[in-house]
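Peer 1: Sequence first, then the predicted structure, then my questions.
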Amino acid sequence: MHLPSSFRNSVELDQAVDSLWNKSINVNTRNVYSTGYKCFIQFCGNHITGFNSRSFNMSKVSEDLLIYFVAHCQSVLKLKYSTIKLYLAGVRFHGVNFDNVNPLCDKFGHTYQRLQNVLNGVKKSENRGRRLSVYIAIPADECRLNLNAKQNDSFFVEETGKPLSRNYFISKLKTILIALGYSDKDYSGHSFRSGAATSASSQGLSARNPGIRLQITQKGIHIVNTVAADLLTKNVKTMKITKQTGHDINVNYDLTDIKIEKFQLGKSSFTRYTDTSLRWTAENIDLDIGGQYKYEYSRFFVKHSDKGSFTVNFSAMSFKIIIQLGTDGSGRSTVRTFQCVHTYGPIKYVFHGGQDWIFKLFAEKAIQGIRNQIQNNICGILKDLVEKNGQRVLSNVKVKIPVGNSMMVDYRLLSVPSMSTNYLEVHLRGTVLWRNSQTEASFSPATFPSNYDTTKMAYIAISNYVFNTMLYQAYRHNMLVFNMTSRNIGYKKSMLNTTCKDNCIGKLIPQIAKSFPNCSVELHMTSTKQPVTNIGSIVSVTAEGNISVYVRELNNSLHYLFRVSAVGGSKVTPRLNNGMIYGQLSKSEIQTNVTDSVIGAIDEKALKFLEDDILTPYLAPMVSGLCKRGFPLPIMDNFQFVQPELKLKKNAILIETNLKYIPRSGKSTVLRFLPQEEI
């Protein structure tokens, strides 16, 4: 039965329904639901081609989509069962409210059973005894410096000096709430977990660590200030000021051909305003303006007219404008301006020729008109430099670039760039994706080591997560499977013969030579575990796999012989060149162990021969060649590294460098990626 039109036109009832709906859940729960729904929409946008959040209807949500969303929350976002349930409740709340549909049920109103089973799997996979809540980053180094704490001291202690416990904190909080007249039953540890997650999401903060951290010090920001000041000066000098025409106390006047003759910017700087905004200020600006004047004076029988030139000097000018940092849906930076304030010192003007007593009749009014134009124009130029020129540059930044023929590295922003006293800090995803599926790795980056150094202009930290995601994609898509035969082993192909005069595998394993004379052996290698890059005092890569050994007879038939389990390790020396990180293989080792054989025991000398004379000479150049291809870094277009230093930290490579600005003609993209092939 349809709702009668008389109800639809009842404003009073509509307001009552809206009020009851809003009171159905409290504000905190509504905020959590909103965060969950936004996370779901973002998930859909990242994985559904042509997704449009504005036209999306919750009736289109399938059980499979919800299952994959749960898996995304658990494996990628690292959310717990209780939080995932709240996020799904937020999806249901939005569907019921706006689309009159419960997306968690089928058309008959039955709860999706597969979805419930997946949720049960999430719940059972959690280790309740070791469960942690939301991770809260505490600046441990700063605490120790400020409080002179010992290495093993607790971050927070009770009055007695004992480490602060969760139960103690909650009990004291409840005591305070009761004293303030609030019900302590409405607050618990869960309230803090939900509130922290909601607050972080509303401020554009990510629930995971970045793969790459870029820190620009005040020295580096000073280069940006120099470039911005130069662009401002060029734009002001070409600024157009319209003529001033008016009538005042028996005189008609025209000020025409008004031009900027001098614009000298005094002290200019970019400084922190808030955590996500900068303040651009300039002081002691000197501005000279010149033009032509003409006037006609008439009163009773007295008439006088004249024309000539004039100059105006604006001294001790200053401005400040706030630049708000942000991020868009594509993972690029955004900038916008507000609070442009323009002030003046003394204004001096000179009219050459004419009558001073006539100038006094209109000069102040005319100069006031020029001053108003300058104020509006300079604020307009500042706004355009940031919001048009700057935003256009940021919008053209390529945030995904190829790595080889099958992968790409994702350099999208993970969160809104932040500004501290010492750094402008930018967090990038830094994850390698497979081009066709673009599914992220199931693990997350470790926390970067703290950096308090400000002697250089820029500090770029690259997590081992970046390289491990590349190895993850290679392993996941069977790129680490290849066969070694006499056709691709090169000059050592005789090593794989079963019959020879010198060294070959048939000499060391006689049973092969006896059963399969004048044949060739093949090694079929597969990786059994994702290779791992470790960064500490050295950079090392370890890999594990199986090597199945076959013999190829003259009739092309293939016979299985034995299987070897292999563990390999390589030490790599990283180096930096032209915005790329390269590696130089310094040492490579392989250890093998026979796990299965149909030809009997394999002599250790044969395994040693296999390791030293066949596998290592073949695999080491292959690994070395991959290292020499290099890995692209996000580097600043129009900027060069000067005296860069590469240091190894725990789980990260740190690049410390100064910067040099190099003006270039043509279209700029600020962030340029090497190699030149781009998406």
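Peer 2: Received the coordinates, thanks.

Peer 1: List the contacts of the nearest residue to E126 once chain neighbours are set aside.
Peer 2: Spatially, and ignoring its direct neighbours in sequence, E126 is nearest to Y81 (5.9 Å; CB to CB, 6 or more residues apart in numbering). (C-beta placed from N, C-alpha, C; glycine too.) With contacts defined as CB atoms under 8 Å, 6 or more residues apart in numbering, Y81 is in contact with 119, 122-123, 126.

Peer 1: Look up how far F43 lies from Y81.
Peer 2: 18 Å (CB to CB, to the nearest Å).

Peer 1: just M239 next, same as before
Peer 2: For M239, the distance to F43 - CB to CB - is 48 Å.

Peer 1: what kind of secondary structure is L648 in?
Peer 2: Assigned with DSSP: H, G, I helix; E, B strand; the rest coil, L648 falls in the strand class.

Peer 1: So in terms of bridging, what pairs with it?
Peer 2: Going by DSSP bridges, L648 is paired in beta bridges with I653.

Peer 1: number of nearby residues for it?
Peer 2: 15 (other CB atoms under 10 Å).

Peer 1: and if you look at K456?
Peer 2: 19.

Peer 1: Got the confidence number for it?
Peer 2: For K456, the model assigns a pLDDT of 94.

Peer 1: measure it to K185 for me?
Peer 2: For K456, the distance to K185 - CB to CB - is 54 Å.

Peer 1: C340 now?
Peer 2: From C340 to K185 the distance is 50 Å (CB to CB).

Peer 1: Just the buried positions in the helix or strand containing R279, please.
Peer 2: According to DSSP states H and E, R279 maps onto strand 277-299. Applying a neighbour-count criterion of 16 or more other CB atoms under 10 Å, one finds 277-282, 285, 287-289, 291, 293, 295-297 buried in strand 277-299.

Peer 1: That one - contacts with which helices or strands?
Peer 2: helix 218-237, strand 251-264, strand 267-274, strand 302-327, helix 356-384 (3 or more CB pairs under 8 Å, 6 or more residues apart in numbering; DSSP states H and E).

Peer 1: Pipe these into CSV and attach distance to A513 per row.
Peer 2: What follows is the helices and strands packed on strand 277-299, written out as CSV (distance: least, CB to CB, whole Å):
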stretch, distance to A513
helix 218-237, 66
strand 251-264, 89
strand 267-274, 75
strand 302-327, 66
helix 356-384, 81
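
Peer 1: any idea which of these scores lowest on pLDDT?
Peer 2: helix 356-384 (a mean of 85).

Peer 1: Any idea how far it is from the middle of the chain?
Peer 2: Distance of helix 356-384 from the chain centroid (CA atoms, centre = their mean, to the nearest Å) equals 45 Å.

Peer 1: Same list (the helices and strands packed on strand 277-299) but as CSV, adding distance to V521 and mean neighbour count.
Peer 2: Listed next are these as CSV, based on distance: least, CB to CB, whole Å; neighbours: other CB atoms under 10 Å:
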stretch, distance to V521, mean neighbour count
helix 218-237, 57, 17
strand 251-264, 79, 16
strand 267-274, 66, 16
strand 302-327, 56, 17
helix 356-384, 71, 16
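
Peer 1: Among those, which comes closest to F443?
Peer 2: Smallest distance to F443 across the helices and strands packed on strand 277-299 (CB to CB): 23.8 Å, for strand 302-327.

Peer 1: So C340 and K185 - more neighbours on which side?
Peer 2: Between C340 and K185, C340 has the larger neighbour count (other CB under 10 Å), namely 18 against 8.

Peer 1: State the distance from the more buried one to G326.
Peer 2: Taken as CB to CB, the span from C340 to G326 is 18 Å.

Peer 1: which non-adjacent residue is nearest R429?
Peer 2: Closest to R429 by CB to CB, 6+ apart is D410, at 4.7 Å.

Peer 1: wait, that neighbour sits on K400?
Peer 2: Yes. Counting by CB atoms under 8 Å, K400 is a contact partner of D410 at 5.6 Å.

Peer 1: what sits in contact with each of the two?
Peer 2: L433.

Peer 1: Q640 belongs to a strand?
Peer 2: Yes. Counting by three-state DSSP, Q640 is located in a strand.

Peer 1: Distance of it relative to I212?
Peer 2: For Q640, the distance to I212 - CB to CB - is 19 Å.

Peer 1: And V549, by the same measure?
Peer 2: Applying CB to CB to V549 and I212 gives a distance of 42 Å.

Peer 1: number of nearby residues for K587?
Peer 2: K587, neighbours per other CB under 10 Å, totals 12.

Peer 1: Helix, strand or coil: sort out it for me.
Peer 2: Taking three-state DSSP, the label given to K587 is strand.

Peer 1: now do the one 5 residues further on
Peer 2: For T592, the reduced secondary structure class is strand; criterion used: three-state DSSP.

Peer 1: Break down the stretch 501-650 of the chain into its helices, ranges please.
Peer 2: 505-508, 510-515, 604-609, 616-629 (DSSP state H, counting those that start in this stretch).

Peer 1: Pick the most buried one from those.
Peer 2: For the helices of the stretch 501-650 of the chain, the largest average neighbour count (mean count of other CB atoms under 10 Å) is found in helix 505-508, namely a mean of 22.

Peer 1: I'm done for today, thanks for sticking with me.
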